[in-house]
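Undergrad: How does the following fold in three dimensions:
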Amino acid sequence: METIRLIIDEHKLLGHQLYKLAKSDLEKKYRGAALGWSWALVKPMIRIFVFWFAFTVGMRGGKPVEGYPWILWLIAGFLPWFYMQDMLTGGAGCIRKYKHLVTKMKFPVSTIPTFESIANMYVHWVLLAITIVIFALAGHLPDIYFLQIPFYMLLMFMFFTVWALFSGLLAAMSVDFLNLVKSFTTAIFWLSGIMYNVDSIHNPTIRLILKFNPITVICGGYRKCFIYKQWFWQDPVELLCFFVTLVVFVLLALWAFKKLRKEIPDVL
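TA: Numbers count the residues shown, from 1 in each chain. Predicted structure coming up:
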């Protein structure tokens, strides 16, 4: 409880400055690029096009799903992945990226993962708006199921902010951990049900294991809103698995913060 209070106090100390720092993080990321912030949108679009071309044109797959073209099914699952991918690697490296704040001034370390997450969420909101427009142009207007998008967005923000705190602290102590995370990102992508429907897997044990993966739950949740038209409470086991994983990482993040917070400035 003492560690939780300390983290809350550090966030209160910065208050609205967190949003300014998030904006500054985005500006720093794309500074010097001719297209500026547009790269945050161009890169996802290129990646979606490549996968669509490979699976639909090259492999002649990509059959319609629930009456939706496969490209829309692909976009719905890819939408949250771009945020989660940035948080997997960027979250793990966030404290190292801002080591000048940690070493040269008494900066609240626990807030760094938070404004890193907020910065990536800004990009996610823009991509979400574009996705809704694409679906509307394809004849699929927003409906009542879209009301649960903020719920899945909140779950995503909570988990990956906690992940960033945990992994950021470990990566600050050892660059090997950061390299390990980067090397596993591609494997995580293919094992998380972004390119396939986890519920179509016949082995119930494998399906259950995959539902402990927050990426699987979030990507599936977005597709429930856009494609499958299902409510989040229709699969209570999935939500239970998500919150079990969230609690585990909260405990790990609190442990790492308590043990490593004072050592990080010296290590960096």
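
Undergrad: in the one helix or strand Gly90 maps to, what's buried?
TA: Gly90 is part of helix 70-92 when elements are defined by DSSP states H and E. Neighbour counts over helix 70-92 (16 or more other CB atoms under 10 Å) mark 71-92 as buried. In short, each C-beta sits where N, CA and C put it, glycine included.

Undergrad: Name the residues that touch the next helix or strand after that helix?
TA: Of the helices and strands lying after helix 70-92 in sequence (DSSP H and E), the nearest is helix 94-97. Contacts of helix 94-97 with the rest of the structure, by CB atoms under 8 Å, 6 or more residues apart in numbering, involve 90, 102, 109, 112-113, 116, 164, 168-169, 171-172, 175, 178, 264, 268.

Undergrad: most neighbours, which of these?
TA: With neighbours taken as other CB atoms under 10 Å, the top of the contacts of helix 94-97 is Gly168, carrying 31 neighbours.

Undergrad: wait, that residue sits on Ile112?
TA: Yes: between Gly168 and Ile112 a contact is recorded at 6.7 Å, counting by CB atoms under 8 Å.

Undergrad: any idea how far the closest residue to Phe212 other than its chain neighbours is from Phe257?
TA: Leaving aside its chain neighbours, Phe212 sits nearest to Cys241 (4.7 Å; criterion: CB to CB, 6 or more residues apart in numbering). From Cys241 across to Phe257, the span is 25 Å (CB to CB, to the nearest Å).

Undergrad: picking up where we left off before, quick check: which of the contacts of helix 94-97 has the minimum pLDDT.
TA: Ranked by pLDDT, these bottom out at Leu268, which has 65.

Undergrad: mind showing which ranges of this structure have poor pLDDT?
TA: For the chain, applying pLDDT under 70 flags the ranges 30-40, 56-62, 268.

Undergrad: middle-most residue in it, spatially?
TA: Centroid-nearest residue in the chain, with CA atoms, centre = their mean: Met84, separated by 2.1 Å.

Undergrad: hey, what's Tyr68 bridged with?
TA: Beta bridges link Tyr68 to Val65 when assigned by DSSP bridges.

Undergrad: can I assume it is in contact with Lys229?
TA: No: applying CB under 8 Å, one finds Tyr68 not in contact with Lys229, separated by 10.3 Å.

Undergrad: residues shared between the contacts of the two?
TA: Counting by CB under 8 Å, 6+ apart, Tyr68 and Lys229 have no common neighbour.

Undergrad: More neighbours: which of these two?
TA: Of the pair Tyr68 and Lys229, Tyr68 is the one with more neighbours under other CB under 10 Å, namely 20 against 12.

Undergrad: So that one versus Val250, what's the distance?
TA: Tyr68 sits 36 Å away from Val250, going by CB to CB.

Undergrad: can you check Val50 too?
TA: 36 Å.

Undergrad: Settle it for me: which of these two has more neighbours?
TA: Counting neighbours by other CB under 10 Å for Val50 and for Val250 shows that Val250 has the greater number, 17 against 11.

Undergrad: which residues touch that one?
TA: Each residue near Val250 by CB under 8 Å, 6+ apart is listed here: Val162.
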